[in-house]
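Novice: Got a sequence here, can you build the structure:
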Amino acid sequence: MSRPVAKLLAPLAALALALTACSSSGGSSGGDGPLEIAAIAALSGGVSANPEYGDGAQAAVQSINAHGGVNGRQLKLTTCDMHQNATDSANCVRKILSDKKIVALAGGSDIFLDADKAQLEAAKMPVVGQWPVSTFDVTNPLAFNVNGGTVVGFPGMAQDVVASGAKKVGLVTLDLPTSDVNRKAITQILSAAGVQVTADVRLSATAADLSAPVQQAIAGNPDTIIWLSFTAQTPVAVNALRQAGFKGTVAVAGVAFEKHAMETMGAGGPVTLSTVFPPAWDTSTAYGKQFNDDMKAYAPQGKITELALTSWLGVQMFAQVAGTLHTVDRAAVLDGLHKLTAVKTGGLTPAISFAAKSPLPYPGIYNPAYTVVHVADGTARWDGKLYDSGTRQVLQPAP
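Specialist: Next up is the predicted model:
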């Protein structure tokens, strides 16, 4: 693990999540009734809302149920839309924890979980397969995450920029406290490789006119620009950079984009997108194919993104653990997760064991791998490799 990555705390991506209403699909975790789980996410409510968290989790639940459930028991999913505010997030957590039939959080993503840490710990609620955006997600022993989010993806992006041969980089990040750690880690990786950072631009989270930050980013004549902003701002920024005459590579976060959106961004010049899993649209792995089949069958209007894939996988991991248990309650699920030595991820990750210590300096993140999508001439390509976020060593996928 490199020093820049080891120093990285829990960086956060978008401002996500909250509730006002919980929607359900099923029964009770006692006896022979349904096994109940929940997912919290910003399904609506602003620039960083991602309804695909719910779509991915629901597609997994419906697919598992259509194939007989878990040891003959159906899954029931409750989704809570937190609308990107802390009050609604707290309401989500309170309502879910008060329902003793719900035995795990599976999938979703909640940036406000840190505020609910005491309640989650008191309830001993397992948190499985979230897209990590809070300190809770990356450090708490109740968290079992196989997507490293920004703590893995952004250092991976910086490593890919270095490997591409870039000599001068313009860096644009959101002017938020949560961006400070990302900015520092990326800068350290670039500096250690002798790459000059020609601009360090802080972008307002509410900026609509990007002309000024674009001019600042290109002022030092960089050959690559790393632009890390909210999903809604990203394609606008890429287009603005091209209109300003920048012809080099633009590197952006890619987890919230479908393949066609990636290719549209790359129509005017090369674009690099940081991801953690193989691209959500890729079907070369067992779980990649199953995810795409499930989304087509059960969430045909849902977006095929890494966010949806992460939620889908969170439900699959819960089902794997629940299938090993005689009694399925929160304590049993938590104990089962701690004993799971071979997490089934269907080729999306290297070998993962929840029974072993995380290979990262983040106890709640068990996957050190990242991937990168390169778009050239309007075509998105993945090289088929999983890279270690500390060493850039190629890692072998596990079944």
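Novice: can you list the weak-confidence ranges in the stretch 1-150 of the chain?
Specialist: 1-31, 47 (pLDDT under 70).
Novice: redo that, cut-off 50
Specialist: Applying pLDDT under 50 to the stretch 1-150 of the chain picks out residues 1-28.
Novice: Check the stretch 251-399 of the chain too.
Specialist: For the stretch 251-399 of the chain (pLDDT under 50), the answer is none.
Novice: mind listing the strands in it by residue range?
Specialist: The residue ranges that make up the strands of the stretch 251-399 of the chain, judged by DSSP state E, counting those that start in this stretch, are 271-275, 369-376, 379-382, 386-388, 394-395.
Novice: what about those strands, which gets the closest to residue 90?
Specialist: strand 271-275 (30.6 Å; Cβ to Cβ). All C-beta atoms are positioned from the backbone trio N, CA, C, and that covers glycine.
Novice: Put the alpha carbons of that closest one into CSV.
Specialist: The C-alpha coordinates for strand 271-275 follow below in CSV (Å, rounded to 0.1, in the frame of the first residue of the first chain):
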residue,chain,number,x,y,z
VAL,A,271,-12.0,10.6,-21.4
THR,A,272,-10.8,8.3,-18.5
LEU,A,273,-13.4,7.2,-16.0
SER,A,274,-12.5,5.8,-12.6
THR,A,275,-14.5,2.8,-11.4
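Novice: Let me have the strands of the stretch 251-399 of the chain in TSV, extended by distance to residue 358.
Specialist: Below are these laid out as TSV (distance: least, Cβ to Cβ, whole Å):
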stretch	distance to residue 358
strand 271-275	20
strand 369-376	13
strand 379-382	25
strand 386-388	13
strand 394-395	15
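Novice: Deepest-packed of these, please.
Specialist: Comparing these by mean neighbour count (mean count of other Cβ atoms under 10 Å), strand 271-275 ranks first with a mean of 26.
Novice: Give me the sheet partners of that strand and which way each runs.
Specialist: If you go by DSSP bridges, strand 271-275 pairs up with strand 249-253 (parallel), strand 369-376 (antiparallel).
Novice: related to what we said a few turns ago, and the strands of the stretch 251-399 of the chain: which comes nearest residue 58?
Specialist: strand 271-275 (22.2 Å).
Novice: And stretch 292-299, what's buried?
Specialist: Buried positions in stretch 292-299, judged by neighbour count with 16 or more other Cβ atoms under 10 Å: 292, 294, 295, 298, 299.
Novice: wait, stretch 158-171
Specialist: 158, 159, 160, 161, 162, 166, 168, 169, 170, 171.
Novice: Just the CA coordinates for the helix or strand encompassing the last one, please, in CSV.
Specialist: The reference is to residue 171. For residue 171, the host element (DSSP states H and E) is strand 168-174. C-alpha atoms of strand 168-174 as CSV (Å, rounded to 0.1, in the frame of the first residue of the first chain):
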residue,chain,number,x,y,z
LYS,A,168,1.2,18.2,-16.4
VAL,A,169,-2.3,17.9,-14.8
GLY,A,170,-5.0,20.4,-14.0
LEU,A,171,-7.0,19.4,-10.9
VAL,A,172,-10.6,20.4,-10.3
THR,A,173,-12.4,19.3,-7.2
LEU,A,174,-15.5,20.4,-5.3
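Novice: Noted, bye for now.
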